[in-house]
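Engineer: Predicted structure and sequence below. I'll ask about it afterward.
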Amino acid sequence: MKKNGTTLLEVLLAVAMLALAMIPMFGLMSSSNTASRIQKIEGVAANLAKEEMNKWMYVIDPTSFPDDGVEEYVNRAPFVVEGNEVEIKVRVYRHQNTSTNVKYPDFVWHDFRTTCPDSTEGNNLDSKTNQVTRTIEEVTRDATRPRLIDIVMQVRWKTPTTSWSDVNKFFLVSRRGWM
Amino acid sequence: MDVKQNAARPRIPCRKRTGSRKGVAIIIVLTFIIGTLAFAMAMFYFRKEVKQQNVLNVNFLQANFLTQAAVQHALVKCRILPQEAYDAGMALQGYCPLQAVIVDDPDDLPDRGTSSSKAMQIFIGDCTSDPTKGIPWDSRIQNDFGIDPNDWKYEVASMSVIAAFTKPDKKLFVLTSQIIASGTVIEHRGGRGARSELMTKTIELTRKIN
């Protein structure tokens, strides 16, 4: 009798230990499942953001860009992938040609016919080169077209069971030249 | 027949209980728990690895688009100041920017004179987001998104000339140039520090001779 009683106690203890170990395990597995979904959609979000940024850098005509500093969805609404959502918003900032300066070299005049035979430079141009600073408007004919446009893309993602969070977010920043 | 066979089967003696089974259940359960915990740990580290890979991918994208910004900046400058770009390239090569470089015999190239990099340094010097040297990001970006401009930088590292020649039949000066741009981002998410990328772009500048 004494031997049987010990075994029962032992089994009860074992079951209790098992339960203590398994309860957090179930919690961990549940949170792991959510995290896996989040990580999967994060990868999808990065790919979508890359495609969208490429479009805004090289494909979309800048005349179709939204107004200066106005936020806009790239797809009018969040992308939905396997029930998860990816939100990509973009803002553009145009640098005004009237206030944006460019620097360029200006050579001091020297008689190249006597000092540069057969296209070989016979002068040390370091001492004959000056730096000039002008606004873009002063050096281009088409002054109305903003030549440099900053593009900021904000990318966020979430699963159906989570809410929008600053943790699940990144930015892409670039500058487009309007040729 | 069957009865006979059964009767002929040798009897295997039962193993005699030699020790106590006391404590066996706990050992089994502990083994199971250790195995389960090992599985959980493996799952945790795998998840962490995937997370790090995602952060790396995003960091790459961020730095890569900054280098593209540098290339775009340089291209805009070449577009709005083509003569200055051409002259700076010719000075870098040691050729007079005002004269044709005519090659009749590829084995007998014109001599190069004194190379001067000053013009090129001036030309690419402001192709950066550094506010002290070039054109900074629009100030509203920091207010709208809380982005620190010091964490997002690009610059044109160099612009070298790889070929300069003249096409007399087309009355055209041609200069092939290579732009090397770099972009660096410090993304605080993931805490991996600065990430830099380099990009090379080859362009051809031409100058029409009247």
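Structural biologist: That came through, no problem.

Engineer: From here on, just use CA atoms for contacts and neighbour counts.
Structural biologist: OK.

Engineer: what about residue 70, neighbour count?
Structural biologist: I'll assume chain A. 12 (other Cα atoms under 10 Å in any protein chain shown).

Engineer: looking at chain B here, not the other one
Structural biologist: Using other Cα under 10 Å, B:Ala70 has 31 neighbouring residues.

Engineer: Quick one: residues contacting it.
Structural biologist: A:Arg175, B:Cys127, B:Thr128, B:Tyr154, B:Glu155, B:Val156, B:Ala181, B:Ser182, B:Gly183 (Cα atoms under 8 Å, 6 or more residues apart in numbering or on different chains).

Engineer: go with 10 Å
Structural biologist: Residues in contact with B:Ala70 (Cα atoms under 10 Å, 6 or more residues apart in numbering or on different chains) are A:174-177, B:64, B:76, B:124, B:127-129, B:153-157, B:179-183, B:199.

Engineer: Next: A:Ala14.
Structural biologist: Counted by Cα under 10 Å, 6+ apart, A:Ala14 has contacts A:Leu8, A:Leu20, B:Gly23, B:Val24, B:Ala25, B:Ile26, B:Ile27, B:Ile28, B:Val29, B:Leu30.

Engineer: how does it look with 8 Å?
Structural biologist: Contact analysis of A:Ala14 by Cα under 8 Å, 6+ apart lists B:Ala25, B:Ile26, B:Val29.

Engineer: Over to B:Ile203?
Structural biologist: Taking Cα under 8 Å, 6+ apart, we find B:Ile203 in contact with B:Thr176, B:Ser177, B:Gln178, B:Ile179.

Engineer: quick check, nearest of the residues you listed to chain A?
Structural biologist: B:Ile179 (15.1 Å; Cα to the nearest Cα).

Engineer: what's the nearest residue to that closest one if we skip its chain neighbours?
Structural biologist: B:Met159 (4.4 Å; Cα to Cα, 6 or more residues apart in numbering or on different chains).

Engineer: residues touching that neighbour, list them.
Structural biologist: Counting by Cα under 8 Å, 6+ apart, B:Met159 makes contact with B:Met120, B:Ile124, B:Ser177, B:Gln178, B:Ile179, B:Ile180.

Engineer: For the least confident helix or strand in chain A by mean pLDDT, which outside residues touch it?
Structural biologist: In chain A, the helix or strand scored least confidently by mean pLDDT, DSSP states H and E is helix A:112-115, which has a mean of 80. Helix A:112-115 is touched from outside by A:Glu121, A:Gly122, A:Asn123, B:Cys96, B:Leu98, with contacts defined as Cα under 8 Å, 6+ apart.

Engineer: Am I right that the last one sits in a helix?
Structural biologist: No - under DSSP: H, G, I helix; E, B strand; the rest coil, B:Leu98 falls outside any helix and is assigned coil.

Engineer: Please name the residues that touch it.
Structural biologist: With contact taken as Cα under 8 Å, 6+ apart, B:Leu98 is in contact with A:Phe112, A:Ser119.

Engineer: Check it and give its pLDDT.
Structural biologist: Looking at B:Leu98, its pLDDT is 75.

Engineer: Which helix runs longest in chain B?
Structural biologist: helix B:24-80 (DSSP state H).

Engineer: That one - what's its average pLDDT?
Structural biologist: For helix B:24-80, mean pLDDT is 88.

Engineer: Same check on stretch A:120-129?
Structural biologist: What stretch A:120-129 shows for mean pLDDT is 86.

Engineer: Spell out whether it and chain B are in contact.
Structural biologist: Yes - contact of stretch A:120-129 with chain B (Cα under 8 Å from any Cα of the partner chain) involves A:Thr120, A:Glu121, A:Gly122, A:Asn123, A:Asn124, A:Leu125, A:Asp126, A:Thr129.

Engineer: Export the residues you listed as CSV, with columns for neighbour count and secondary structure.
Structural biologist: CSV is the format used below for these (neighbours: other Cα atoms under 10 Å in any protein chain shown; DSSP: H, G, I helix; E, B strand; the rest coil):
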residue, neighbour count, secondary structure
A:Thr120, 25, strand
A:Glu121, 26, coil
A:Gly122, 19, coil
A:Asn123, 21, coil
A:Asn124, 14, coil
A:Leu125, 23, helix
A:Asp126, 15, helix
A:Thr129, 20, strand
